[in-house]
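# got a predicted model here, sequence first, then my questions.
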Amino acid sequence: MPEFSFDALRRHPDVEADNLFAADASDRLILDEALGALEVEAKAAKPGAPGRVVVIGDSYGALTLGAAAVLDLRGIRVHQDSRAGELALAENARRASDRDLGDRFENLPLGPELLAGARVVLMQLPRSLAELDELAHAIAAWADPEVVVYAGGRLKHMTPAMNEVLERSFGRVTATLARQKSRVLVASEPHPHAEPVAMRREFHAEPAPGLWVCATGGAFAGTKIDIGTRFLLEHLDEMRADARTAVDLGCGTGVLSAYLARARPELTVIATDQSAAAVESARATMAANDVENVEVVRDDALSTFDDGSAELVLLNPPFHQGSTVHAGIALKLFQAAGRVLAPGGELWTVFNSHLSYRAALQRAVGETRQVARNAKFTVMVSTRR
């Protein structure tokens with residue numbers, strides 16, 4: 001493949017660190033394996049006509065901008081689950097060349113608008129088999145019957161089950177030779193009667209009064225209620241009683257928001273997550289339980305929220321960045337909560353007990369005390385100075 005500076009790409013506004021990277025060898029391998037197909041699409045492109053190249057799961061823009069810069073491709077349709085990834089792609093597009101590449105692509109939700117007529121799909125393999133199954137069904141259902149999917153990843157994260165999942169939607173699935181600890185699965189011949197995967201839902205009788213949890217394939221914990229969330233739910237009645245606005249930061253499927261909103265119908269609850277899959281799932285959870293006092297928004301670390309606009313924030317933070325264990329995302333969310341909380345407002349956080357977050361919470365928000373602790377999780381409340 002002609003030269004392209006992957007090293008110039010950045011993760012910003014996502015967490016940046018020496019051991020976190022904006023591109024890896026699998027990005028390069030996907031583009032190399034798809035080069036012939038991309039060249040065909042570049043030659044066949046017609047001005048004003050929809051592009052036939054789709055990129056899914058492009059972490060920070062390596063696949064999209066590599067194809068745009070090297071082959072002068074336009075009209076690339078892109079779906080990124082992460083809002084931070086979308087923002088990073090836009091920033092990298094402005095820096096990736098001597099010309100702004102921002103007009104070469106369009107970000108779209110997973111659906112027919114993204115995939116209709118697609119002939120080439122470049123994709124980073126998700127870690128979740130449920131998410132891969134959802135993506136594969138969507139491509140098979142909506143893309144061109146001649147579509148070819150180039151789905152790559154790092155060998156340490158790939159399993160034979162991924163081939164099996166792709167074979168549910170495609171008649172032909174092959175694997176390339178490994179290179180630099182990466183491999184690409186090539187899928188073609190989509191099943192002619194493939195249909196998109198329906199939203200999953202499951203009823204949980206506990207905690208009372210019970211809850212329908214809805215989830216797409218890419219939502220963390222799926223239709224389950226993770227044990228950290230269950231632990232925090234035990235303390236809903238201890239949270240600031242005079243709060244008017246509460247934020248469920250990193251809301252996932254919306255479990256915390258739904259329980260809080262039902263317990264306190266006078267409260268305005270805003271559920272927010274940077275994940276498109278989480279936001280779609282949370283909206284479905286609210287609808288399934290007839291919860292009306294929750295607004296669900298997609299946002300990167302409260303970037304669109306005003307300072308001092310909430311009296312209560314709930315947070316069950318992730319402790320990893322992709323496949324790398326890293327505290328950076330939790331620290332970013334602590335700082336965001338501290339900015340958005342009004343003076344005297346409370347941040348309620350649940351996290352793995354082996355993590356030492358008290359000092360970070362005190363710096364970002366204010367006085368922090370332990371509310372509860374068990375063998376796996378700790379609940380703390382931090383009060384805004």
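The structure has been received and is ready for your questions.
# drop to CA atoms for contacts and neighbour counts, all remaining ones
Fine.
# got the CA positions of the longest helix along the chain in CSV?
The longest helix of the chain (DSSP state H) is helix 25-44. The C-alpha coordinates for helix 25-44 follow below in CSV (Å, rounded to 0.1, in the frame of the first residue of the first chain):
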residue,chain,number,x,y,z
ALA,A,25,-0.8,-3.3,12.8
SER,A,26,-4.3,-4.7,12.2
ASP,A,27,-5.4,-1.3,10.6
ARG,A,28,-2.5,-1.6,8.2
LEU,A,29,-3.2,-5.2,7.4
ILE,A,30,-6.9,-4.5,6.7
LEU,A,31,-6.1,-1.8,4.3
ASP,A,32,-3.4,-3.9,2.6
GLU,A,33,-5.8,-6.9,2.1
ALA,A,34,-8.6,-4.6,0.8
LEU,A,35,-6.3,-2.6,-1.5
GLY,A,36,-7.4,-4.2,-4.7
ALA,A,37,-11.1,-3.9,-3.9
LEU,A,38,-10.6,-0.3,-2.8
GLU,A,39,-8.8,0.6,-6.0
VAL,A,40,-11.8,-0.8,-8.0
GLU,A,41,-14.1,1.4,-6.0
ALA,A,42,-11.9,4.5,-6.5
LYS,A,43,-12.0,4.0,-10.2
ALA,A,44,-15.7,3.3,-10.3
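# which parts of this protein are helices?
For the chain, the helices defined by DSSP H occupy 25-44, 62-71, 83-95, 112-115, 129-142, 160-167, 227-233, 255-263, 276-288, 328-340, 358-364.
# how far away from the center of its chain is the first one?
In this case it means helix 25-44. 25 Å (CA atoms, centre = their mean, to the nearest Å).
# that one: which residues count as buried?
25-31, 33-35, 38-39, 41-42 (16 or more other CA atoms under 10 Å).
# that older thread, and the longest helix of the chain, what does it pack onto?
Applying 3 or more CA pairs under 8 Å, 6 or more residues apart in numbering; DSSP states H and E, one finds that helix 25-44 makes contact with helix 62-71, strand 120-124, strand 148-154, strand 182-190.
# swap in 10 Å and give it another go.
On a contact count with 3 or more CA pairs under 10 Å, 6 or more residues apart in numbering; DSSP states H and E, helix 25-44 meets strand 53-56, helix 62-71, strand 120-124, strand 148-154, strand 182-190.
# any idea of the angle that helix forms with strand 148-154?
With axes from the mean of the first three to the mean of the last three CA atoms, to 10 degrees applied, the angle from helix 25-44 to strand 148-154 works out at 160 degrees.
# how close does F351 get to V255?
Shown here: F351 relative to V255, a distance of 16 Å by CA to CA, to the nearest Å.
# how about N107?
N107 is 28 Å from V255, where distance means CA to CA.
# can you list the low-confidence ranges for the stretch 51-200 of the chain?
Along the stretch 51-200 of the chain, the parts satisfying pLDDT under 70 run over 97-99.
# cutoff 80 now
96-100 (pLDDT under 80).
# quick check: buried residues in stretch 294-314?
Across stretch 294-314, burial judged by 16+ other CA under 10 Å covers 294-302, 308-314.
# out of those residues, which are inside strands?
When DSSP state E defines the strands, the subset of the buried residues of stretch 294-314 inside them is 294-298, 310-314.
# can you tell me which residues contact the nearest residue to M199 once chain neighbours are set aside?
Of all residues not flanking M199 in the chain, T216 sits nearest, at 5.4 Å (CA to CA, 6 or more residues apart in numbering). Counting by CA atoms under 10 Å, 6 or more residues apart in numbering, T216 touches 130-131, 134, 197-201, 222-223, 253, 276-282, 284.
# quick one, which of N107 and V255 is more surrounded?
Ranked by neighbour count (other CA atoms under 10 Å), N107 and V255 place V255 first, with 25 against 16.
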